[in-house]
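Participant: using only what follows, build the 3D model:
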Amino acid sequence: MLSINFRPAVIADAVPATEVHCRSWLAGYTGIVPDEVIAERCAAKRATAQERFANLQGVFHVGERAGEIVCFGAFSASDQADLPDYFNMEAFYVDPAHFRQGLGRQLMDLHWT
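Facilitator: Here you go, the predicted structure:
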């Protein structure tokens, strides 16, 4: 199994992370959500990828294997006054080709420590 490198996201990650996002949607929602809806949502995400990344608040990490982004997560501070040690998960996606390899857990661990 190839190792993974987690690092803070940069604006250049916008397009490849958006592709991970869209592939995840296809894997998760095909047969549940009409294909046209998924395609439209992905087209909208692709059209605004760099703008959305530039405006992200909080902590945003990507995971790379062999130079390819295979997962990402965006987290912000808790909006619950009684839960200051927790965080909000704003986005969290793993490329379907890399499902069931523990990448999601590793990504979560970055934000719990």
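
Participant: top strand in the chain by residue count?
Facilitator: The longest strand of the chain (DSSP state E) is strand 68-77.

Participant: can you pull the buried residues of it?
Facilitator: Of the residues in strand 68-77, those with enough neighbours to count as buried (16 or more other CB atoms under 10 Å) are 69-75. The C-beta positions use only the backbone N, C-alpha and C, and glycine is treated the same way.

Participant: save those residues as CSV, and put in pLDDT too.
Facilitator: Supplementary listing: these in CSV, determined by pLDDT from 0 to 100:
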residue, pLDDT
I69, 92
V70, 92
C71, 90
F72, 86
G73, 85
A74, 80
F75, 79
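
Participant: from V59, how far off is R46?
Facilitator: Separation of R46 from V59 (CB to CB, to the nearest Å) stands at 23 Å.

Participant: please name every helix or strand in contact with the helix ranked longest in the chain.
Facilitator: Secondary structure of the chain per DSSP state H: the longest helix is helix 14-29. Packed against helix 14-29 by the contact rule (3 or more CB pairs under 8 Å, 6 or more residues apart in numbering; DSSP states H and E) you find helix 35-47, helix 49-54, strand 68-77, strand 87-94.

Participant: tally of neighbours for F53?
Facilitator: The local packing count at F53 equals 19, with neighbours defined by other CB atoms under 10 Å.

Participant: oh, I was asking about A9
Facilitator: Using other CB under 10 Å, the number of residues around A9 comes to 18.

Participant: for it, give me its contacts.
Facilitator: Contact criterion CB atoms under 8 Å, 6 or more residues apart in numbering gives 17, 53, 56, 60-62, 72, 74 as the residues in contact with A9.

Participant: hmm, 6 Å instead?
Facilitator: If a contact means CB atoms under 6 Å, 6 or more residues apart in numbering, then A9 has 60, 62 as its contacts.

Participant: that's all I had, so thanks and see you.
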